[in-house]
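Trainee: need a 3D model of the following:
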Amino acid sequence: MQGGYNCEVTAECGAECVKALLRQDGAGEERLQAAPGWEEAAVDSFDQISRDLAKRYREFWPIPEF
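Mentor: I've put the predicted structure just below:
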């Protein structure tokens with residue numbers, strides 16, 4: 001998964017990984033059922049995690065505020 005320090009891209013990449021695991025890309029039969037609204041919740045979670053990690057590691061690297 002790649003997104004650098006761009007929280008939106010990182011979150012979208014994570015959501016796409018979940019989609020692939022759920023086989024919602026049309027590549028096969030769905031094996032799992034996701035709750036409605038899961039994608040927005042996933043993006044929000046990845047965004048918060050990215051912000052928390054950036055805050056923690058600014059002590060060591062010049063990570064910009066976002």
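
Trainee: show me where the chain dips below the pLDDT cut-off.
Mentor: 1-5, 23-34 (pLDDT under 70).

Trainee: all strands in it, in order from the N-terminus.
Mentor: Along the chain, no stretch is classed among the strands by DSSP state E.

Trainee: what's the neighbour count on Gly14?
Mentor: Using other CB atoms under 10 Å, Gly14 has 20 other residues around it. Quick note: C-beta positions are derived from backbone N, CA and C, even for glycine.

Trainee: can you pull out the helices in this structure?
Mentor: Applying DSSP state H to the chain gives helices spanning 7-22, 38-57.

Trainee: state the distance from the residue nearest in space to the middle of the chain to Phe60.
Mentor: Centroid-nearest residue in the chain, with CA atoms, centre = their mean: Ala11, separated by 2.7 Å. Look at Ala11 and Phe60: by CB to CB, to the nearest Å, they are 23 Å apart.
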